[in-house]
Each structure stands twice: as C-alpha cells, then as structure tokens.
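Chemist: requesting a structural model of the entry that follows:
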Amino acid sequence: MKRIIISGSNGFIGTNLTNYALNHGVEVFALVFPGTVCSFVSSPLLHIIPFDLQKASSLPNLINERGFDCFYHFAWIGVFGKESADYITQTSNIVSACEAVKAAKELNCNTFIYPSSVMEYDCMRSSSAIDGAVPNSRTSYYGAKMAACLLAKHLASQIGINFVEAVLSNVYGPTLNPGFITNSLTKFLKGEHASFSSGEQFYDFIYISDAAKALYYVGDKRGAFASYYIGSENPQKLKYFILDMKDCVDPNIKPGFGEIKTSVVDMNLNFFDTQKLSRETGFHQSVDFKTGILKTIDWLKKNSKNHNCN
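Modeler: As a prediction, the model looks like this:
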C-alpha cells in the first residue's frame with residue numbers, strides 16, 4: 001500500500017493501525033474527531049484531518065488528493081456509555097457508514113474496509129436465537145454495526161467499489177477503554193472480586209499490535225468482496241483465558257465463575273478460523289495471550305492511577 005484513509009484513527013485500534021502503516025512507509029490521511037488528543041508517531045507521511053462523522057458526505061471537500069488504496073472506517077459515535085444504547089445515535093452511524101462508502105468512491109479509493117467484530121455475532125445470536133432471551137445494553141450498538149456492514153456492502157456493490165469486512169476478535173492491550181480484559185484485570189489488580197459467566201463458551205482474543213498488523217495485511221491484499229476473521233491461532237473456552245489472567249496477577253485469586261447468569265450462545269470453533277487470513281495475507285500471530293496480558297498489566301500499573309491499581 002502507498003496511501004490510505006483511516007476514519008476514527010484516534011481510537012484504540014485506529015491509532016495503532018495508523019502508526020503501523022506510517023512505520024511501514026504508507027501515507028496516511030487520519031480522520032479524527034475534532035478536539036480529540038492523538039498519539040501518532042511523527043511522520044511527514046501523516047495528514048491529520050478533523051472529521052465530523054455526521055457530515056461524512058462532505059469528506060471529498062476536505063481532501064484534495066485522489067487515488068487511495070484503502071479507506072478503513074473505524075469512526076463511530078456512541079461506542080460506550082448511554083449513547084451505545086440510543087437507537088437514534090446508532091441509526092445515524094449506519095447512515096454515516098454508507099455516506100463514507102460514497103465518499104471513498106469519490107476519492108477514488110480502491111477498497112472500503114469495514115471492521116466488525118465477533119461480539120456483534122455473539123450478541124445478536126444470544127439476543128434473537130433463544131426463546132426468552134432479553135437483549136442487553138450493547139444490543140443497539142452491535143445491531144447497528146451489523147446493519148451498517150450489510151447496507152454499506154450493498155451500496156459498495158451498487159456504485160462499484162470493493163468492500164472488505166474485517167471481523168475482529170476481542171482486541172486487547174494498553175488502553176483504559178472499558179472492555180472485558182481491561183475491566184477484569186483492573187478488578188484483579190485492585191483485589192476486588194470479579195464475577196463471570198460459567199466461561200464454558202469458546203472465545204478468542206488478539207493483542208492490539210497483532211490486530212493492527214493483520215488489518216494492514218488485509219488492506220495490502222484486499223481480496224474482492226472478501227471477509228477475513230482476525231484473531232489468534234489459539235481460541236479456547238473463555239474460562240481458560242480468565243484463569244490465565246488471574247495467574248498473571250495473582251494465582252490465589254478465585255474468579256466467580258457462574259455468578260453471572262446469561263444466555264450464552266456457544267460459537268463453533270470453526271468461526272474462529274484464521275487459516276484464510278494466513279493463507280491469503282501471510283499473517284501470523286506474534287504475541288501469545290499470556291505475553292499480551294503481562295504487557296497490558298504492566299501498562300495498567302503505570303497508567304491507570306484513576307483505577308487505583310497497585
């Protein structure tokens with residue numbers, strides 16, 4: 001790749017992908033929410049552009065250049081907090097994603113890359129496939145993400161731009177953003193009791209540096225209307241990941257397995273298959289789970305003063 005656009009590039013994954021691409025000699029047009037703090041490496045190849053997601057249709061007016069390899073679309077309003085459950089906010093994201101596809105076409109982008117996640121599939125299956133299952137607070141967010149993917153892909157096929165879906169595993173690493181790994185490790189580090197489901201369902205996690213690398217590889221190869229699962233090469237039952245986490249903090253910790261009652265839809269191990277990604281892009285995981293957890297713990301201890309980690 002020579003030149004790419006990344007919306008939401010100031011986010012956790014977006015920042016790491018931006019830096020990875022810059023470090024590999026790729027010119028990056030980084031679209032960031034106005035007024036946000038960015039942590040990009042210094043590079044003459046970096047162009048930071050304040051970007052209002054709700055005005056995605058105006059993007060071609062903000063960028064004079066034409067001709068890009070990829071448009072990665074991470075920008076999303078209401079990922080956490082009350083807005084994540086607000087149907088008006090989430091519906092607006094669907095429209096914005098489609099407008100971003102149209103903008104990418106006008107900017108002469110070769111491929112539009114839409115990052116989804118396994119959590120969307122897990123959430124929607126557990127909310128709709130079981131009698132009596134009640135949607136949780138994340139259903140609006142995950143439902144909108146899935147709808148945006150389907151509608152944006154259909155639009156891409158209509159206007160003639162390649163569309164690639166990158167289905168991300170649970171991405172973790174140095175961040176204070178709410179998430180399963182961060183929340184669990186923070187409780188362990190603070191000596192608080194942590195409750196979990198039975199942990200019998202299959203799960204997968206991928207360290208942030210590997211996720212950024214895989215996304216880069218997908219953009220570099222960008223198969224025609226392809227879908228790639230991006231995860232580790234060792235998915236397993238969730239309880240074993242939790243046991244590894246607690247052992248990295250304190251082997252004497254006793255996780256509260258089974259204390260959270262939830263309708264769990266177990267995804268088949270075949271869903272977590274990285275063979276296509278490896279075969280078509282050459283990607284292989286570099287950071288195993290325990291190594292990634294130790295890196296994350298070290299970062300949390302140094303940076304999470306507000307979490308009172310010891």
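Chemist: per-residue confidence at the nearest residue to Gly258 once chain neighbours are set aside?
Modeler: Using Cβ to Cβ, 6 or more residues apart in numbering and skipping the chain neighbours, the partner closest in space to Gly258 is Ser198 (4.9 Å). C-betas here are computed from N, CA, C, even on glycine. What the model reports as pLDDT for Ser198 is 92.
Chemist: please apply the same query to the one 5 residues further on.
Modeler: At Tyr203, the predicted lDDT confidence score is 91.
Chemist: that one contacts Lys237, correct?
Modeler: Yes - using Cβ atoms under 8 Å, Tyr203 is in contact with Lys237, at 7.0 Å.
Chemist: ok, the two, which is more surrounded?
Modeler: Tyr203 (22 against 15; other Cβ atoms under 10 Å).
Chemist: distance of the more buried one from Leu215?
Modeler: Separation of Tyr203 from Leu215 (Cβ to Cβ, to the nearest Å): 20 Å.
Chemist: which residues does the residue nearest to Val118 when sequence neighbours are not counted contact?
Modeler: Spatial nearest neighbour of Val118, chain neighbours left out: Ser169 (5.7 Å); criterion: Cβ to Cβ, 6+ apart. Listed by Cβ atoms under 8 Å, 6 or more residues apart in numbering, the contact partners of Ser169 are Ser117, Val118, Asp204, Phe205, Ile206, Ala211, Tyr229, Ile230, Gly231, Ser232, Pro235, Phe272.
Chemist: closest to Lys145 out of the residues you listed?
Modeler: Checking the contacts of Ser169 against Lys145 with Cβ to Cβ, the nearest one is Ser117 at 7.4 Å.
Chemist: number of nearby residues for that closest one?
Modeler: Ser117 has 18 neighbouring residues, counting by other Cβ under 10 Å.
Chemist: what bridges to it?
Modeler: Beta-bridge partners of Ser117, counted by DSSP bridges, are Leu168.
Chemist: ok, it touching Asn170?
Modeler: Yes - at 7.5 Å, Ser117 and Asn170 qualify as touching, with contact defined as Cβ under 8 Å.
Chemist: and the nearest residue to Ile242 once chain neighbours are set aside, how close does it get to Arg138?
Modeler: Once flanking residues are discounted, Ile242 sits nearest to Pro255: 5.3 Å by Cβ to Cβ, 6+ apart. Applying Cβ to Cβ, the value for Pro255 to Arg138 is 22 Å.
Chemist: okay, and Lys302 sits in which element?
Modeler: Lys302 belongs to helix 289-303 when assigned by DSSP states H and E.
Chemist: which residues are contacting that helix?
Modeler: Outside helix 289-303, the residues that touch it by Cβ under 8 Å, 6+ apart are 172-174, 176, 181-182, 185-186, 189, 205, 207, 232, 234, 241, 244-245, 248-249, 287, 307, 309-310.
Chemist: tell me the buried residues in it?
Modeler: For helix 289-303, burial by neighbour count (16 or more other Cβ atoms under 10 Å) applies to Phe289, Gly292, Ile293, Lys295, Thr296, Ile297, Leu300.
Chemist: let's have these in TSV, adding distance to Thr18 and pLDDT.
Modeler: Below are these laid out as TSV (distance: Cβ to Cβ, whole Å; pLDDT from 0 to 100):
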residue	distance to Thr18	pLDDT
Phe289	25	97
Gly292	20	97
Ile293	24	98
Lys295	20	97
Thr296	20	97
Ile297	25	97
Leu300	23	95
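Chemist: mind putting the residues you listed into JSON lines with distance to Ile49?
Modeler: Shown next, in JSON lines, are the buried residues of helix 289-303 (distance: Cβ to Cβ, whole Å):
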{"residue": "Phe289", "distance to Ile49": "36"}
{"residue": "Gly292", "distance to Ile49": "31"}
{"residue": "Ile293", "distance to Ile49": "35"}
{"residue": "Lys295", "distance to Ile49": "31"}
{"residue": "Thr296", "distance to Ile49": "31"}
{"residue": "Ile297", "distance to Ile49": "35"}
{"residue": "Leu300", "distance to Ile49": "32"}
